[in-house]
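Colleague: The following comprises the amino acid sequence and a computationally predicted model.
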Amino acid sequence: MLYDSTTVPPPPVPDAGPRAIAHWTHTLALLLFLALTAVFGHMRAAASSDSVAHGLRYTSTITLEWLLLGSVIAGIYHRRSFFVAAFANRERSVAQSIVLGVPVYLTGFLAVACAGAALYFTPLFHRHNEAVVLAMLPHSPLEFLAWFFVSLTAGVCEEIIFRGYLQQQFTAWTQRPILAVVLTGALFGCLHLYEGLAAIVPLALLGIVYGLVVRSLQGDLRSVIVAHTLQDFLVALIALARPWAERHQPHP
């Protein structure tokens with residue numbers, strides 16, 4: 001039997017690796033905006049933390065985050081496939097993703113608590129930074145309701161922007177997924193500069209935890225959105241419960 005060279009399949013095309021999901025100029029503009037936001041937030045927090053009413057602060061935060069998310073989505077090449085990967089994972093249901101968000105939250109909370117405890121005894125920690133955070137938190141039932149929507153907005157918008165968009169972009173640029181996770185986490189921590197330098201490391205670690213979870217779930221964002229929302233909402237309850245407990249503890 002004669003050998004027919006035409007039947008030999010062509011050599012496989014090497015895998016080009018992850019591809020960018022938006023133009024590099026779009027990502028650069030986003031990074032510049034995030035940098036300016038971090039610096040401006042730090043300057044505003046250093047100047048005064050009590051001058052802005054909670055209602056105005058919460059409303060402006062929600063509006064800004066959704067507008068930023070809209071601008072990010074506008075620059076994505078294939079938006080439908082992006083959202084399918086982020087929210088329509090067939091391996092697990094929505095309920096399963098919500099349940100999975102609880103241990104993800106606990107893992108992230110433990111990482112933040114350990115890092116924060118270690119930094120408490122360093123020069124990075126400052127009482128003023130703690131006061132800035134406490135001044136932002138709600139104090140009335142109506143403010144707690146508004147704070148829930150702030151937390152939900154942060155969970156949805158920030159996870160789509162950081163773990164959904166930037167992490168994929170950095171993976172495509174560096175071709176190193178773990179490096180992309182670390183870079184995205186570091187940026188996430190720097191965005192919270194208004195909470196002080198001591199907040200950057202714990203929150204960067206939190207971003208790395210979320211990034212690793214998203215990578216292990218093949219881009220599914222639902223669990224980290226639940227975890228992020230819980231993290232922001234419950235921090236108000238934890239922070240405000242401490243002085244309440246101190247006021248109501250029995251005195252000798």
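Modeller: Structure's in. What do you need?
Colleague: C-alpha only now, for contacts and for neighbours.
Modeller: Will do.
Colleague: Tell me how far the host helix or strand of F148 lies from the chain's centre.
Modeller: Using DSSP states H and E, F148 maps to helix 141-159. Averaging C-alpha positions (C-alpha atoms, centre = their mean, to the nearest Å) puts helix 141-159 13 Å from its chain's average.
Colleague: Next secondary structure after it?
Modeller: Beyond helix 141-159 on the C-terminal side, the first helix or strand identified by DSSP H and E is helix 167-174.
Colleague: Where does pLDDT dip in the stretch 101-250 of the chain?
Modeller: 126-129, 242-250 (pLDDT under 70).
Colleague: before we move on, the earlier item: packing partners of the helix holding F148?
Modeller: Applying 3 or more C-alpha pairs under 8 Å, 6 or more residues apart in numbering; DSSP states H and E, we find helix 141-159 packed against helix 54-74, helix 222-248.
Colleague: Output those as JSON lines; include the columns distance to I161 and mean neighbour count.
Modeller: Formatted as JSON lines, the helices and strands packed on helix 141-159 follow (distance: least, C-alpha to C-alpha, whole Å; neighbours: other C-alpha atoms under 10 Å):
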{"stretch": "helix 54-74", "distance to I161": "7", "mean neighbour count": "15"}
{"stretch": "helix 222-248", "distance to I161": "11", "mean neighbour count": "17"}
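Colleague: how about JSON lines for those, with distance to G101 added?
Modeller: Shown next, in JSON lines, are those (distance: least, C-alpha to C-alpha, whole Å):
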{"stretch": "helix 54-74", "distance to G101": "22"}
{"stretch": "helix 222-248", "distance to G101": "4"}
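Colleague: what about the ones you listed, which gets the closest to V133?
Modeller: Smallest distance to V133 across the helices and strands packed on helix 141-159 (C-alpha to C-alpha): 9.2 Å, for helix 222-248.
Colleague: For the closest one, which helices and strands make contact with it?
Modeller: Checking 3+ C-alpha pairs under 8 Å, 6+ apart, helix 222-248 ends up next to helix 94-119, helix 141-159, helix 197-216.
Colleague: For T107, find the nearest of the helices and strands packed on helix 141-159.
Modeller: The minimum distance between T107 and those falls on helix 222-248, with 9.3 Å, by C-alpha to C-alpha.
Colleague: returning to what we had before: looking at the helices and strands packed on helix 141-159, spot the one closest to V84.
Modeller: With distances scored as C-alpha to C-alpha, the stretch of these nearest to V84 is helix 222-248 (11.5 Å).
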